[in-house]
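[1] Just the structure for this:
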Amino acid sequence: MAVQTRSDIDSKKFFLGRQGGVTKMKEVIAQDAGRGTPLAQFTLMAKVAASGKWTPFINAAATDGTAIPQGIYTGDEITAAALVAGDIPDCMILVYDMEFDESMLVIENSKTLDTVVTVGTTDLRSVRDHLLNHKLLPRLTNTSTAQENT
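    Numbers count the residues shown, from 1 in each chain. Okay, the predicted model is just below:
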């Protein structure tokens, strides 16, 4: 009997368990004139209160609405050049009721699910808590390797 380890990273799925979360289909991601990197699929997003446009969650103390993570970008990667050039229309943002693999979630600017949102002075909650408010349920999975008995 031999034990083999096989990598199956390519089959790892972001969405887990039940399917049917609420995704907004025609959302706008705001222009970022200083952007130097692409916007990756499964990036944690926040919404600018004044414009209703989406932006990556990067500042837990921002006062323009973007300190509150509210969704996950689920479209294809967007190049930095496209974000520098202007707003990106017709984007898909998952906003409610989905279990997902937290190891695949992209949170920019060295933030984590345990980052505390510090806007305001009462009811300080973590990024994870804000996602749970939207029934966006992060789960750890470990499917990078599997053992086979032969």
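
[2] give me phi/psi at the residue nearest to Thr112 when sequence neighbours are not counted?
    With Cβ to Cβ, 6 or more residues apart in numbering as the criterion, Thr112 has its nearest non-adjacent residue at 7.0 Å, and that residue is Val127. Every C-beta, even on glycine, is put in place using the N, C-alpha and C of the backbone. Main-chain dihedrals, Val127, degrees, to the nearest 10: phi -60, psi -40.

[3] my guess is Val127 contacts Ile68, does it?
    No - with contact defined as Cβ atoms under 8 Å, Val127 does not count as touching Ile68 (9.3 Å).

[4] residues shared between the contacts of those two?
    Residues touching both Val127 and Ile68 (Cβ atoms under 8 Å, 6 or more residues apart in numbering) are Val117.

[5] out of those two, which sits in the busier spot?
    Using other Cβ atoms under 10 Å, the more surrounded residue of Val127 and Ile68 is Val127, with 23 against 18.

[6] Go ahead and list the helix or strand containing the spatially most central residue of the chain.
    Centrality entry for the chain: nearest residue to the mean C-alpha point is Leu44, 2.6 Å, by Cα atoms, centre = their mean. If you go by DSSP states H and E, Leu44 is part of strand 44-47.

[7] One more: Val28?
    Counting by DSSP H and E, Val28 is part of strand 22-29.

[8] distance between that strand and the chain's centre?
    13 Å (Cα atoms, centre = their mean, to the nearest Å).

[9] could you say what helices and strands it packs with?
    Helices and strands touching strand 22-29, by 3 or more Cβ pairs under 8 Å, 6 or more residues apart in numbering; DSSP states H and E, are strand 54-56, strand 88-96.

[10] Out of those strands, which one sits most buried?
    With neighbours defined as mean count of other Cβ atoms under 10 Å, the helices and strands packed on strand 22-29 peak in mean count at strand 54-56, which reaches a mean of 24.

[11] Cool, thanks, talk later.
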